[in-house]
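Engineer: next input, structure requested:
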Amino acid sequence: MARAAKQIRALYELCAIALVEGRADLDGADEVGFDIDLPMFTVGRAAQLADIHPQTLRQYDRQGLVVPQRTEGGARRYSLRDIDRLVQAQSLSQDEGINLAGIVRILELQEENRQLRRQVKRLSNPAGSSIFAADTDGGIVEVQRSRSARMWRHDIHTRRRELPGSRVGGEEVSNSVVLWGDFE
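Structural biologist: Residues are numbered from 1 along each chain as shown. Model prediction:
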């Protein structure tokens, strides 16, 4: 398990380096399966990756420009999204001479634009191309449709009575919920 965690950390580091060097973007990282909001990097490592002094990261946090997640002990942990924002903030500040308020607004608009592109892409997929499932915390997540998912859905419909259930008024009622299709 520790070896797998080390390999995952290494993959996230490679993705962060690609973001910093401009060889990747958040949309691409998200599409290939990286959790762009997963807090992976310490202050020191995030500073190294983004080529920013650690004190600058702390200042950005205090000013609300890039606010990392915190561990239970209060230590800052940066995600791929945070690394991308750090690099953009530095570029806008140093290369373009934009003030902090301007940088905050630009980053907000870029994120809004990214979310809108993602929504357009999702809406442009054919109807019924998405599957929704419950994650381990009970939240609803979208899963891309695949041949195996179609087979799974077929099996559920053909073997519906095999699902665990209970009887209400003499009629069997399923305790399972499966959602298919596009939902807003």
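Engineer: every contact and neighbour count from this point should use C-alpha atoms.
Structural biologist: Noted.
Engineer: longest helix of the chain, counting residues only.
Structural biologist: Scanning the chain for the helix with the most residues, using DSSP state H, yields helix 100-124.
Engineer: please tell me how far that one is from the chain's geometric centre.
Structural biologist: Here helix 100-124 is found 14 Å from its chain centre; the criterion is Cα atoms, centre = their mean, to the nearest Å.
Engineer: Ile83 and Arg3, how far apart?
Structural biologist: According to Cα to Cα, to the nearest Å, Ile83 and Arg3 sit 24 Å apart.
Engineer: okay, those two: which has more neighbours?
Structural biologist: More crowded of Ile83 and Arg3, by other Cα atoms under 10 Å: Ile83, with 23 against 8.
Engineer: counting contacts, what elements does the strand or helix carrying that one pack onto?
Structural biologist: For Ile83, the element it lies in under DSSP states H and E is helix 80-94. Judged by 3 or more Cα pairs under 8 Å, 6 or more residues apart in numbering; DSSP states H and E, helix 80-94 is in contact with helix 2-20, helix 26-31, helix 43-50, helix 100-124.
Engineer: ok, now with 7 Å
Structural biologist: Judged by 3 or more Cα pairs under 7 Å, 6 or more residues apart in numbering; DSSP states H and E, helix 80-94 is in contact with helix 2-20, helix 43-50.
Engineer: beyond the shortest one, next helix or strand please.
Structural biologist: Right, helix 43-50. helix 54-63.
Engineer: could you check the angle the helix holding Ile83 makes with helix 100-124?
Structural biologist: Helix 80-94 runs at 140 degrees relative to helix 100-124, counting by axes from the mean of the first three to the mean of the last three Cα atoms, to 10 degrees.
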